[in-house]
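>>> Here is my input, please return the structure:
(3 chains)
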Amino acid sequence: MVAGPSKRRARHLVFLPYFVFLALFLIWPATFVFVRAFQQGDAPRNPMIEAMTGQFRGAFVYSLQISLSSAAIGLVVGSLVAVAIVRLDHVRALRSTVVGYSSVAANMGGIPLAFAFIAAFGMQGLATRLLREVNIDLIGWGFRITDFWGIVLVYLYFQIPLMTLVLVPALDGLRRTWQEAAQSLGASSAQYWRFVALPILTPALLGGFLLLIANAFSAYATAYALSSGGSRLVPVQIRFFLQGNTITGKTNLGYAMAAWMVIVTALLVLGFQLLVRRSEKWRS
Amino acid sequence: MTACQTRNLFGVRVNTHHVVTDIGEARCGRKTDVASTDHHDSLRSTQTIIDQVRRHLLILRHVLGVFANIDATRGYLKVNSSALPAISKCSRSSQLPYSYLCCCVQTGGLFFLTMTTQHITTSTQRRRSKWRTFAALALVSSFALAACGSDEEAAEDTVAEEVTEETVAEEVADTCPSQEIVDAANAEAQVNLIALPDNWANYKGILASFREKYPNIANPVANPDASSADELVAYETLKGQPDQPDAFDVSPAIAQETASKGYWEPYKPCTWDEIPEVLKDPDGNWVAAYYGIMAIGTNTTVVANAPASFADLAKPEYKGLVSLNGDPREAGAAFAAVVAASLANGGSFDDIMPGIQYFADLKASGNLAGTDVTEASVIAGETPVWLDWTYNYPGLAPKLVENGITWAIRVPTDGVYGGYYAQGILKDTPHQNAGKLWIDHIVSDEGALGYLEGGAIPARFEALVAAGKVTEEAKKNLPAPELIAQIKFPTQDQIAKMKEDLAANWGPMVADK
Amino acid sequence: MRARNAVWWLVLLVATVFYAVPMLAMARFAFQRIPVIKLSWGNVFDKWTAAPLVETLRNPDFHRAGLLSLGLAVATAALTVLLLVPTMTFAHLRSPRMRRFIELSSVLPFVVPAIALVIGFAAAFRDTAPIFVRSSFGMVPLLVITALPFTHRTIENGLSSLDLRTLADASRSLGAGWNRTIWTVIAPNIRGSIATASFLALTVVLGEFTIASLLLKNTLPLYLAYAQGQNPQGAFAVGLSLTALSAVFIALANRFGGTRPGSRQQR
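Sure thing, here's the model as predicted:
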């Protein structure tokens, strides 16, 4: 049915409440951050520049390293779990249990999660102790829950479920009939995956990977609760400036770091959206 | 479209045209206005539009009333009387351009809202309603601007109230605190406190004794776990609200920042003269009601040999066992630990670098563990050796006993550092007089004894001892008197410089290694 | 086929162990009053007590915080559904471009860190509409935004599995307005997704700490963080129970919601 221009405009007005809501409660507060990030006050350099130099650049690098590592491992393991529960669909209640726990675990973080890992894998952790009984001495090998790989391990607790949640609906879109059709045409399982399933899943995989990176990059409460290891991460450094007891008068630097965080994540989102658009071309 | 009628965003029915679909004659479903199924103008449909506009305006007014703190029935009057002044208020606001932006956003949003309330389909109706729409817009825009302006009015009102109250009360009168202050405080019936955990220097007991003294005054504590900077943010965020904090308990650094922002309300409590000079602000902005010494706590269940000095902490037997109470760039207790280490290693209040170097070495040797010290980590045994204020240990005691843990507290022999926290009342808060009573209470005898029980040294300790009010029992949680005698406090400038050095060097030298 | 499945069972086993171990360690800490260093095979079953949990549950501060969080969760879920269901229905029906746009915008909350969001929010609304900063329920829009990535995905899945155009056209041709169509025809068909989205909103509210702490609202996570310093075992016991409960609710919503994608395909 052909609609006149006024009708089309009226039709698009139904989307207004959603976008007004986002603009009012997400975009507008974010602009405040940027405004304050550019205010120099009586600091020697513009905070936006200072936030990218010296120890602060190191913080960004470290944050990105942790985000990428946890996102990469989360991508692999999360996808495997997603495939597992779709393959084992016939088992009653398995899927809903796993999806249910994944939904909760993906939102976990902060002190409870950090402490759970400390209680399990810390110096006096339960798992550490049990492993020592079977002669695996984690602490002796130099594993510390507050080091790089310790933090990655803790982050995986919410990265893996997030990937699972993203991928399961995409896997549902892969019909069994396609695999059977491919087999009947002589393709092996590996070929099916490579030429049929993977291209279809690529948008979801890429989108999930992006989501995981952004999620890890902005994770704050967990890093803070893991403390000294986490103090090298950007969100925690922002806290030092905006919420700490000791450093005062440097809030603009904190805002600048927050502004850079927004920029980095926005770039990630944009970049991957372009990739996803490219890989989805076959659909049209 | 296939329906006779649709509903707009507010659920009000609007007539559209009548169409027969391929499943048969369309039922219009509603009794009203079925007769006007043709889309020629009729007096009837014009009247409907006018009614709709009126209804929409009513709804909008109620909605705006909620969002702009205007009483919905009074709001209409406010528009008429204060629309023009409101516009100028908007542009003269101190928060320009933000307030201006707010007005534009609100007006723009309302513009769109009004537009969507009209689901017009015919050109004739559209023409006629355009004028009505503009009229509605003008009314509505002035409403929005009034909304932007109204809060400043409200804020001014509360400020005016505070000023008159303060001129009534006096700082020092015949009885101390004066009866006028007590009466005014009882009328206020509440004092908003923040960041006072139960286990910190026995604030549980001190809050309870305040309630005993003044049974009519409630003393709720918001966000007990807040940092000193959180307290500042809370004060700014809740400006003009009834739950704005009335009194602070903050680290010296944040006390300085509060003073530079002009937030303190100077008030000298009754016992002002008995408080040592170093423990109060010369202008009366704040007092330091208690202080403590940095001490080393050891979980002797996990580590048998308790270290007694900073030199001990560096020994190889404590590898991976020593923890700081947070990051010194952020936590007051950790900052104090670094200063104490600096004093132990040849530094002074002007030079914090030896302390930073000490911890860098500690980290390099593997003695400094990464885990944050919390009550949970102490009980779990994860942080067997940690540095904290002496007044934080008594609060832990019951839980440690419950879990079968033994512990020892030692003040390091080579670096004795005492630290205080500053308390005072703030400007323009809802309960000025109750706040004054609170400050008086914490430096009074009852408050001081409460702090003693928590293991903190009250500000008027010497005066109390001289008056014989401190029993041996009360002193049991305190460090030894000769250690207390050694305590000196750094000046504000020294603290500021130490902070700068720490912020620049802790990251590269310790945290990032 | 059985042998193939064994691989996937192994994957699930590893995942389960990974998910369970930290939770079990925390549970042991919360309920057993023996430090790990003193733990031996001999006293593994000693000194288990539910006292910390009971103590915390009896605390009136906990009740206050719990009620506030519950109220916030209900309000967040309601606002989310109110906002998302009509918008996404129209996006599916009218404009695929808009659908893509909404999907992109649902990832935006990840781009702005919570700490920046809340400080900007307080500064922005302090002077214009202080009700957001003053009222406990002023947090609800921020919570809706925080939950947006998850809830959007859930409702998107639900709507994708329906034959939306047929339903909408049929309902409209029978004389129902859009309001009625969305809320009495479409919504019941995606009730599983709506239920899941509501429980996701609940989990977000139970886990959201930064916003509540900066706006000084005494919600449950804030209370638990504070209690962790006063009574750690009780706080973790309660935290664990809440986690378990949320997982059970979401699992039930998934199982009995009736909108499993793929279950209604006619193609």
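
>>> Please make it C-alpha for all contacts and neighbour counts, starting now.
Will do.

>>> Poorly predicted segments of the chain, please.
Looking at chain A here, since you left the chain open. Applying pLDDT under 70 to chain A picks out residues A:1-8, A:227-230, A:243-249, A:276, A:279-284.

>>> that's the other chain; I wanted chain B
Using pLDDT under 70, chain B drops low at B:1-50, B:52-53, B:56-174, B:513.

>>> Point out the residues in it that sit beside chain A.
Residues of chain B lying close to chain A (C-alpha under 8 Å from any C-alpha of the partner chain) are B:109, B:116, B:119, B:227-230, B:233, B:251, B:253-254, B:257, B:326-332, B:335, B:370-372, B:380-382, B:499-500, B:503, B:507-508, B:511-512.

>>> Can you flag the buried ones in those?
Buried members of those, scored by 16 or more other C-alpha atoms under 10 Å in any protein chain shown, are B:109, B:116, B:119, B:227-230, B:233, B:251, B:253-254, B:257, B:326-332, B:335, B:370-372, B:380-382, B:499, B:503, B:507, B:511-512.

>>> As a check, name the ranges of all helices in the stretch 51-200 of chain A.
Ranges of helices within the stretch 51-200 of chain A are A:54-87, A:94-106, A:110-121, A:126-133, A:148-172, A:176-184, A:189-192, A:198-218, based on DSSP state H, counting those that start in this stretch.

>>> Would you point to the one among those helices that's packed deepest?
Ranked by mean neighbour count, the helices of the stretch 51-200 of chain A are led by helix A:110-121 with a mean of 25 (mean count of other C-alpha atoms under 10 Å in any protein chain shown).

>>> Point out the residues in the stretch 51-200 of chain A that sit beside chain C.
So the stretch 51-200 of chain A meets chain C at A:80-81, A:83-85, A:87-88, A:93, A:96-101, A:103-104, A:107-109, A:111-113, A:115-117, A:119-121, A:124-127, A:129, A:157, A:169, A:172-173 (C-alpha under 8 Å from any C-alpha).

>>> Buried residues in stretch A:22-38, which are they?
Buried-residue list, stretch A:22-38, by 16+ other C-alpha under 10 Å: A:22, A:24-34, A:36-38.

>>> no wait, stretch B:491-505
B:Ile495, B:Ala496, B:Met498, B:Lys499, B:Leu502, B:Ala503, B:Asn505.

>>> ok, and the closest non-adjacent residue to the fifth one?
Think B:Leu502. B:Arg329 (6.9 Å; C-alpha to C-alpha, 6 or more residues apart in numbering or on different chains).

>>> I'd say that neighbour and A:Arg239 touch.
No - between B:Arg329 and A:Arg239 there is no contact under C-alpha atoms under 8 Å: 10.0 Å.

>>> which one of the buried residues of stretch A:22-38 sits closest to chain C?
A:Pro29 (4.0 Å; C-alpha to the nearest C-alpha).

>>> just checking, that closest one touches C:Val118?
Yes - using C-alpha under 8 Å, A:Pro29 makes contact with C:Val118 at a distance of 7.5 Å.

>>> re earlier: tabulate the helices of the stretch 51-200 of chain A in JSON lines, adding columns for distance to B:Asp312.
Output for the helices of the stretch 51-200 of chain A, formatted as JSON lines (distance: least, C-alpha to C-alpha, whole Å):
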{"stretch": "helix A:54-87", "distance to B:Asp312": "31"}
{"stretch": "helix A:94-106", "distance to B:Asp312": "43"}
{"stretch": "helix A:110-121", "distance to B:Asp312": "26"}
{"stretch": "helix A:126-133", "distance to B:Asp312": "27"}
{"stretch": "helix A:148-172", "distance to B:Asp312": "29"}
{"stretch": "helix A:176-184", "distance to B:Asp312": "68"}
{"stretch": "helix A:189-192", "distance to B:Asp312": "62"}
{"stretch": "helix A:198-218", "distance to B:Asp312": "39"}
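
>>> In contact with the residue of the stretch 101-250 of chain C found nearest chain A, which residues?
Relative to chain A, the nearest point of the stretch 101-250 of chain C is C:Gly120 (4.0 Å; C-alpha to the nearest C-alpha). Under the criterion of C-alpha atoms under 8 Å, 6 or more residues apart in numbering or on different chains, the neighbours of C:Gly120 are A:Trp28, A:Pro29, A:Ala30, A:Thr31, A:Phe32, A:Val33.

>>> one more time with 7 Å, if that's ok
Residues in contact with C:Gly120 (C-alpha atoms under 7 Å, 6 or more residues apart in numbering or on different chains) are A:Pro29, A:Ala30, A:Phe32, A:Val33.

>>> closest to C:Leu67 among those residues?
The closest of the contacts of C:Gly120 to C:Leu67 turns out to be A:Pro29 (C-alpha to C-alpha; 28.0 Å).

>>> quick one: contacts for that closest one?
Counting by C-alpha under 7 Å, 6+ apart, A:Pro29 has contacts C:Leu117, C:Gly120, C:Phe121, C:Ala124.

>>> Give me the pLDDT for the first one.
Looking at C:Leu117, its pLDDT is 83.

>>> Which helix or strand contains it?
Secondary structure here is read from DSSP states H and E; on that basis C:Leu117 sits in helix C:114-126.

>>> what's the angle between that helix and helix A:198-218?
Counting by axes from the mean of the first three to the mean of the last three C-alpha atoms, to 10 degrees, helix C:114-126 lies at 70 degrees to helix A:198-218.

>>> which SS state does the residue nearest to B:Leu502 fall under?
coil (DSSP: H, G, I helix; E, B strand; the rest coil).
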